[in-house]
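S.K.: Output the structure for:
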Amino acid sequence: MKIWITLTSAAFAVLASAKCPPCKTMKWANCDGTPCQCLLTVSNTTRLKVDCTKLVPKCFVMMAEMHRAREGQRTHTISGKPHEKYYPDCESDGTFKAKQCNNSEECWCVNSAGIRRTEKGDKNLKCDELVETTISFYLIHKPVSTALDTTTLKTDIADAINERYMNFSTDMMEHPLYIDEERSITLKVMTRNQSNDVVSMAYYMEKDVKGQTLFTNKDEGFKPTVGGQKLEIESIEVNYIDETPPTYRECYCRKRQE
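M.R.: The predicted structure is shown next:
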């Protein structure tokens, strides 16, 4: 009888789990329970409940990525430069805390995208506020069969972002610059009152273009239709322009040959 009860309990657990659809916007989340809930593991002791109708905040995604890397689980390289790779400290809504220390005695200040903007200091370092940033995208698409009609470029890009990532309108970005010879699209997106959503959108888009999608379904990724032609984006560069200048400066120096 005891064995039968154990097997029946396991069967009910499988059935309950089977009723829960996978988390559309986060492939690493586990969904089960009655009612269904999806949880993202970000440490050995913490799982965060995520809303699978929205993008998971970038800060939470980075926590999950760093945890998976530490545990030797399959993950992708965290997008960005080496100094952007750390286990972040997040607010309850997924916003980056202004001061980051990466579980060490060394701390620094970040902008709303979690990008370091000061020199590193000790735990007495003061980061008075989270500085907002404008996000700049530089996209290059693959060759198309005919010349691209860019008359409705701004609307087309906004529609593509709205459809795949978040509630988005044309007034959130400057008019894109298109250079035909480079097959490049440059656009700037203001974070405004949707900072967390825009920051997450930029991270998800970068992952999509690099073939590291965070979505559960491995669909065609970010392929905006511009002037009636669907574009395949082959490369992306994401940069950040803070409202106040950063005090941190990188030195891209070539070591002198002896």
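S.K.: Please make it C-alpha for all contacts and neighbour counts, starting now.
M.R.: OK.
S.K.: so how many other residues sit close to residue 216?
M.R.: Residues lying near residue 216 (other CA atoms under 10 Å) number 14.
S.K.: In this structure it contacts residue 29, no?
M.R.: No. Residue 216 is beyond contact range of residue 29, at 9.2 Å (criterion: CA atoms under 8 Å).
S.K.: intersection of neighbour lists for the two?
M.R.: 22-23 (CA atoms under 8 Å, 6 or more residues apart in numbering).
S.K.: For the stretch 1-150 of the chain, which segments count as strands?
M.R.: Listed in chain order, the strands of the stretch 1-150 of the chain (DSSP state E, counting those that start in this stretch) span 30-32, 37-41, 47-49, 99-100, 108-109, 133-141.
S.K.: how far out from the middle of the chain is the next helix or strand after the longest one?
M.R.: The one in question is strand 133-141. Later in the chain than strand 133-141, the nearest helix or strand by DSSP states H and E is helix 153-164. Relative to the centre of its chain, helix 153-164 is centred 18 Å away, using CA atoms, centre = their mean, to the nearest Å.
S.K.: Now tell me what touches helix 153-164 from outside.
M.R.: By CA under 8 Å, 6+ apart, the list of residues contacting helix 153-164 reads 167-170, 175-176, 222-227.
S.K.: Could I get the buried residue list for that helix?
M.R.: Within helix 153-164, the residues that count as buried by 16 or more other CA atoms under 10 Å are 153-161, 164.
S.K.: Equivalent analysis for stretch 191-209, please.
M.R.: By neighbour count on 16+ other CA under 10 Å, the buried set for stretch 191-209 is 191, 195-209.
S.K.: pLDDT check: weakest of those residues?
M.R.: Within the buried residues of stretch 191-209, residue 191 has the lowest pLDDT, namely 81.
S.K.: and the gap between that one and residue 228?
M.R.: Plainly put, residue 191 is 28 Å away from residue 228 if you go by CA to CA, to the nearest Å.
S.K.: Could you do residue 197 as well?
M.R.: For residue 197, the distance to residue 228 (CA to CA) stands at 28 Å.
S.K.: Provide the secondary structure category for the residue nearest the centre of the chain.
M.R.: The centroid of the chain falls nearest to residue 203 when counting by CA atoms, centre = their mean (2.5 Å). Each residue gets one of three states, and residue 203 gets helix by DSSP: H, G, I helix; E, B strand; the rest coil.
S.K.: now it, nearest residue through space, not along the chain?
M.R.: residue 58 (6.6 Å; CA to CA, 6 or more residues apart in numbering).
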